[in-house]
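Engineer: one predicted model, sequence on top.
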Amino acid sequence: GQQLNQSPQSMFIQEGEDVSMNCTSSSIFNTWLWYKQDPGEGPVLLIALYKAGELTSNGRLTAQFGITRKDSFLNISASIPSDVGIYFCAGQPGGSEKLVFGKGTKLTVNP
Amino acid sequence: ETGVTQSPTHLIKTRGQQVTLRCSSQSGHNTVSWYQQALGQGPQFIFQYYREEENGRGNFPPRFSGLQFPNYSSELNVNALELDDSALYLCASSVGQGRGPNRGYTFGSGTRLTVV
């Protein structure tokens, strides 16, 4: 079945540092989404990407939809303590109603 | 505007029992999707309901079933519970039939099911 490989699995950074995480797949996706999940909560949408090559920002977050449609990355600039959480990528196959999620990147920010 | 609400928040069941989880979708949303999230994993698609009918299903056995009601709320039923069914069950609501570009679900906070 379709799988997403998300890396790194975890990151420990200092406040103010930039962060980069990515997702790759052997399958093509028509939509890429990035979510953040805090403990005890459901995932919250950060950025949605709909076109190969698209680069989209949301405040300090920037994400790109890879040209091959098989990968995406998320960058966080100037990290702050509230960036702590688990970040998930999700891909939507064409013509499908489901999202396929990666296993997540756990981010820890040291003040 | 109310978000997605799920009940109960936590549940402990014995292997072999049956469970029903409930979800109220966000106001204005007519599609509900259910996901299972095991510890340390990403959510996995169970199924989606649109206009009270199942609109797609993931790799889950028939003992996982669902319903959507005219007010768009939904239930997830799991029969013959197994230990591996222990997970966070997430409900997500959205607008439209779901096969178009996903504009981003609104997820509930989930129901934590423990099977002992």
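Structural biologist: Received, thanks.
Engineer: which residues in chain B form strands?
Structural biologist: B:5-7, B:10-13, B:19-24, B:31-37, B:44-50, B:53-57, B:64-68, B:74-78, B:87-94, B:106-107, B:111-115 (DSSP state E).
Engineer: okay, the ones you listed in a markdown table with distance to chain A next?
Structural biologist: The C-beta positions use only the backbone N, C-alpha and C, and glycine is treated the same way. Rendered in a markdown table, the data for the strands of chain B read as follows (distance: least, C-beta to the nearest C-beta, whole Å):
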| stretch | distance to chain A |
| --- | --- |
| strand B:5-7 | 8 |
| strand B:10-13 | 10 |
| strand B:19-24 | 11 |
| strand B:31-37 | 7 |
| strand B:44-50 | 4 |
| strand B:53-57 | 4 |
| strand B:64-68 | 13 |
| strand B:74-78 | 14 |
| strand B:87-94 | 5 |
| strand B:106-107 | 3 |
| strand B:111-115 | 9 |
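Engineer: how about the ones you listed in CSV, adding mean neighbour count, distance to A:G66 and mean pLDDT?
Structural biologist: Compiled in CSV, the strands of chain B are given as follows (neighbours: other C-beta atoms under 10 Å in any protein chain shown; distance: least, C-beta to C-beta, whole Å; pLDDT from 0 to 100):
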stretch, mean neighbour count, distance to A:G66, mean pLDDT
strand B:5-7, 16, 34, 97
strand B:10-13, 13, 39, 97
strand B:19-24, 20, 33, 98
strand B:31-37, 26, 24, 96
strand B:44-50, 23, 22, 95
strand B:53-57, 14, 25, 91
strand B:64-68, 19, 33, 97
strand B:74-78, 21, 34, 98
strand B:87-94, 24, 24, 95
strand B:106-107, 22, 25, 92
strand B:111-115, 18, 35, 98
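Engineer: turn those into JSON lines, including distance to A:G102.
Structural biologist: What follows is those, written out as JSON lines (distance: least, C-beta to C-beta, whole Å):
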{"stretch": "strand B:5-7", "distance to A:G102": "23"}
{"stretch": "strand B:10-13", "distance to A:G102": "26"}
{"stretch": "strand B:19-24", "distance to A:G102": "24"}
{"stretch": "strand B:31-37", "distance to A:G102": "12"}
{"stretch": "strand B:44-50", "distance to A:G102": "11"}
{"stretch": "strand B:53-57", "distance to A:G102": "20"}
{"stretch": "strand B:64-68", "distance to A:G102": "22"}
{"stretch": "strand B:74-78", "distance to A:G102": "23"}
{"stretch": "strand B:87-94", "distance to A:G102": "15"}
{"stretch": "strand B:106-107", "distance to A:G102": "16"}
{"stretch": "strand B:111-115", "distance to A:G102": "21"}
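Engineer: nearest to A:L49, of those strands?
Structural biologist: With C-beta to C-beta, the closest approach to A:L49 among the strands of chain B belongs to strand B:87-94: 16.8 Å.
Engineer: that closest one pairs with which strands?
Structural biologist: Partners of strand B:87-94 in the sheet, by DSSP bridges, are strand B:31-37 (antiparallel), strand B:106-107 (antiparallel), strand B:111-115 (antiparallel).
Engineer: quick one: which of the ones you listed is nearest B:V19?
Structural biologist: strand B:111-115 (6.5 Å).
Engineer: give me the nearest residue to A:Q92, chain neighbours excluded.
Structural biologist: A:T31 (3.9 Å; C-beta to C-beta, 6 or more residues apart in numbering or on different chains).
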